[in-house]
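Student: Sharing a model that was predicted from the sequence below.
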Amino acid sequence: MLRIILGLIGLGFAAVLTISLFTDLYTYFKEPPSKTAEYEFHEHPKKLSLASDGPLGHFDRQQLQRGFQVYKEVCAACHSLNLVAFRNLHDLGYNEAEVAAIADQWAIEVPAVHPDTGEATTRKATPPDAFPDPYPNEVAARAANNNALPPDLSLIVKAREGGAAYIYSLLTGYRNPPQELLRDYPEAAPGEGLYFNPYFHNLNIAMPPPFAADGQVNYADGTPATIDQMAKDVTAFLVWTAEPSLERRHQYGLVAVIFLLFTTVISYFAYRNIWAEAKRKVRVTGPLDPKNIAKSKRAKRKEGVAG
Amino acid sequence: MATLEQSTTGSSTASSQEADGVRRRDFLNIAAVSFAGVGGVAVLVPLVTQMSPSADVLAMASVEVDISAVQPGQAIKAMWRKQPVFIRNLTPQEIQAANSVPVSQLRDPETLADRTKPGHLNWLINIGVCTHLGCVPLGVGEGENRGEYGGYFCPCHGSHYDTAARIRKGPAPTNLVVPDYEFLSDTSIRIG
Amino acid sequence: MSFSWARPYEPKHPLARWIDERLPLPRLVYGAVGGGYPVPRNLNYWWNFGVLAGVFLTIQIITGIVLAMHYYASADGAFNSVEHIMRNVNAGWFLRYAHANGASFFFIATYIHIFRGIYYGSYKAPRELVWMLGLVIYLLMMATAFMGYVLPWGQMSYWGAQVITGFFSAFPLVGEPVRVWLLGGFAPDQATLTRFFSLHYLLPFVIAAVVVLHIWALHIPGSNNPTGVDVKEERDTLPFHPFYTAKDGWFAGLMLLLFALVLYYAPNALGHADNYIPANPLATPAHIVPEWYFWPFYAILRAFTVDFIIPAKLWGVLAMFASILLLFFLPWLDKSPVRSGSYRPVFRTFFWILVFDIVLLGWAGGRAATPTVVAVSQIASAYYFVHFLIILPLISKYERPLPLPNSISDSVLHGEEREAAPAGIPPRTTTVAE
């Protein structure tokens, strides 16, 4: 009785699914979905190799410092970095005095309360502070950016499919929309305040190309600041902001994996040691064993062929 | 014919090679368990250290305080590392009273000079937490009880501190702590 | 354990005897996982995954308690508190990644454990309650994991909460009020977050209690084994300690090695990038997907696209719940007296088709709902229901199983005729050897 009811329920679900399937197939073939501009023109991220790649990835501190300089001079005007504190810059190789100077000279100030009047005011940043937001709130940010909200960059590398490669591709991907796009999908052409970038998921991004030309930033270590170099450097910096513990994680990982490998191997031999006295396999190995039945079937077939 | 791999339970075979084997067997088992144990202890380390102060708490938060408005005889409270800091501008009488106490009589021997900065002997800065059990002593505000020695008084268990914030009477074991600080100018200090 | 040859607990040390007289806990442990619990000697590695699931439950509880010391359950502060853990708390990144990936490994171990149960007939008499308690554990795990994923308050956390609680509104009349009651509001917000935190902390201990019941129920008949034939005599078994403690121990080391490889070298591989974006109630992510262990159910949910008497959304919700609830009836759907798939060739074939089907459903559930993916979900979901509710009962009725061994140890002394007897069926008189 129970099985009959359950069987009917099963048939019911299967029936509704079949109806759904055929309805969907019918709709699909009757009005095939049209291709979209994104489908045809969206590009997957370019390959990017950074020092932080792979299980032995570490940070190239020179590159991180260059990337920080790019962030400071190109991106910080619009993009906040509110999960990173100035004191974290020690990781990049700056000493205490340098970090204090960077905080003190940071263009954007930290919100504060005037000690005498109680009015809202600002003060210079100090190392324990997080990087202050360039805009006081979301409304102000949108007002200054054509109703688009520049996202915070602290986690951007982890918050986007494609990670660092995607960020790098995006930064270097600005170009004129291809003729085919303008011809076949005129509505996908970049409108007012939008810029074509095939790496962006809907092809048109509100951020203007951040790198106008080579040499936009004057690197302290003399590296030529091509657009490609600046994009790589700032991407490497953003990999660090998203995951400052990356290097430590890889180092501890090596120790942990080697230790666990060794312990597992020793434990395996201890297991074999303990089981040596107890035969664990007690399989039937007579004519009724399925494996032997198969073997004799094969033998019979061969005989039948030969004999 | 059906063959059967005869099973034996436990270690119950011939003795002589077994004794040797037992030692070898035991060693391997002990080694395996030891390594697992080491791993277990290693795992304890992050579980215990995560309770220690995190990096942001440890970051030496410095606070700058403007002391231009503090007149001799007055004191203010500032906040540093989530604790109160007493900043007092000592009067000459208070300095005199502090210096005239024989240091050897003190429970926690320190001179006023030990507890202030050269050239700024009148500025007494200490953490406002009683060294007994942690209450905030009275004496900073106008009209507050300053105890029998004219410094600070802790109402919780009756610790009296003198004009140099040294313990004179009551259960507190040591003087009020003087934090790291420096004079940025004559009118402002940085603590921490 | 009802085996007469089980070694009784006999403490030698005076302290051990003193404790035993007052609180027989060591006796209980000895009889449950020590030298006093006989286990079939022929267990293969598929039997390791129950203990492994327990190991990962322990890891989750320990890392969870420790993370809760730093987590802040506020809609404004939760996301930042998790980043605080990652960046500032000593070893915080390790604990967070251990907890996030530990959940995945807990599910991997549990899924393998469940499939083992299905293949070897561990759900059959007399272990029906073991099976059903196990399903209760599974349901609790799913609730716990879902609520845990909401806590970081990222985009996927928030929108996942929206979608899953949205299921309830599919039910007519009571649906919407229940949904609002669950959320404590009209959309996931502060009230939802704090109650999910409270329940997420509680449920693992409920899981632990049900695990105790699950093991207790198992230890009455004792463990199943790959032949499905009952334990008959002492030489069929070995004491759990040291044989299975050693086997479970080394294999756990191997699993922890895999766990470490994921934790240290690919900690975000099983997650979703969108959860690193703070929750935004005004912006829906392009593709909302739950965590991978829910993908098969998500596929079943999305497979129903056509209103038929009741709305498609309600069909999807009903089918999703039904897909788990039908498992409770498995002992009665499959009434074959033969337990193990090793001796049921037809059942075995369909078992592997089922595994493929569920993996396919998992694949479909993780992808965007394009026409191809939906079509695959529809076929795979249909097969899932047909497999359990129609095919299995038919197989169990009409299948001819292979002859079973007489006992695990398989005494030669009894002769081949007796060897050939499947459990419960009288022996054949001729020796079969084709």
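Tutor: Perfect, I can see it now. All of these numbers come straight from a predicted model, not from anything done at the bench.
Student: mind checking how far the residue most central in space within chain C is from C:P239?
Tutor: When chain C is reduced to its mean C-alpha position, the closest residue under C-alpha atoms, centre = their mean turns out to be C:T110, at 3.3 Å. Distance of C:T110 to C:P239, computed by C-beta to C-beta, to the nearest Å: 26 Å. Quick note: C-beta positions are derived from backbone N, CA and C, even for glycine.
Student: Around chain C, which positions in the stretch 1-150 of chain A sit nearby?
Tutor: A:2-3, A:6-7, A:9-11, A:13-14, A:16-21, A:23-25, A:28, A:33, A:55, A:83, A:88 (C-beta under 8 Å from any C-beta of the partner chain).
Student: ok, back up a step: I'd guessed the residue nearest to the centre of chain C sits against C:Y138; true?
Tutor: Yes - contact status for C:T110 versus C:Y138: in contact at 6.5 Å, counting by C-beta atoms under 8 Å.
Student: can you give me the helices in chain B?
Tutor: Taking DSSP state H, the helices of chain B run over residues B:16-49, B:55-58, B:92-99.
Student: Give me the pLDDT for C:A421.
Tutor: Here, the pLDDT recorded for C:A421 equals 46.
Student: likewise B:G143?
Tutor: pLDDT at B:G143 comes out at 86.
Student: residues touching A:P198, list them.
Tutor: By C-beta atoms under 8 Å, 6 or more residues apart in numbering or on different chains, the contact list for A:P198 reads A:F41, A:H42, A:E43, A:G173, A:R175.
Student: one more time with 7 Å
Tutor: Residues touching A:P198, when contacts are defined by C-beta atoms under 7 Å, 6 or more residues apart in numbering or on different chains, comprise A:F41, A:H42, A:E43, A:G173.
Student: How about the secondary structure of it?
Tutor: Three states are possible here, and by DSSP: H, G, I helix; E, B strand; the rest coil the one that applies to A:P198 is coil.
Student: is any part of the worst-scoring helix or strand of chain A on mean pLDDT close to chain B?
Tutor: When the helices and strands of chain A are scored by mean pLDDT, DSSP states H and E, helix A:290-306 comes last with a mean of 75. No - no part of helix A:290-306 sits near chain B under the criterion C-beta under 7 Å from any C-beta of the partner chain; the closest distance found is 9.6 Å.
Student: gap between that helix and the chain center?
Tutor: Helix A:290-306 sits 56 Å away from the centroid of its parent chain (C-alpha atoms, centre = their mean, to the nearest Å).
Student: Over to stretch C:4-12?
Tutor: Its chain's average C-alpha position is 33 Å from that of stretch C:4-12, according to C-alpha atoms, centre = their mean.
Student: do it and chain B meet?
Tutor: No - taking C-beta under 7 Å from any C-beta as the criterion, stretch C:4-12 and chain B are apart, separated by no less than 9.3 Å.
Student: And for that stretch, what's in contact with it?
Tutor: Identification of contacts with stretch C:4-12 by C-beta under 7 Å, 6+ apart yields C:R17, C:D20, C:R27, C:Y30, C:G31, C:G35, C:G36, C:Y37, C:P38, C:E234, C:P239.
Student: These in helices, which ones?
Tutor: When the contacts of stretch C:4-12 are checked against helices (DSSP H), the matches are C:R17, C:D20, C:R27, C:Y30, C:G31.
Student: quick one on the thing from earlier: out of the contacts of A:P198, which end up buried?
Tutor: Neighbour-count burial (16 or more other C-beta atoms under 10 Å in any protein chain shown) is assigned, among the contacts of A:P198, to A:F41, A:G173.
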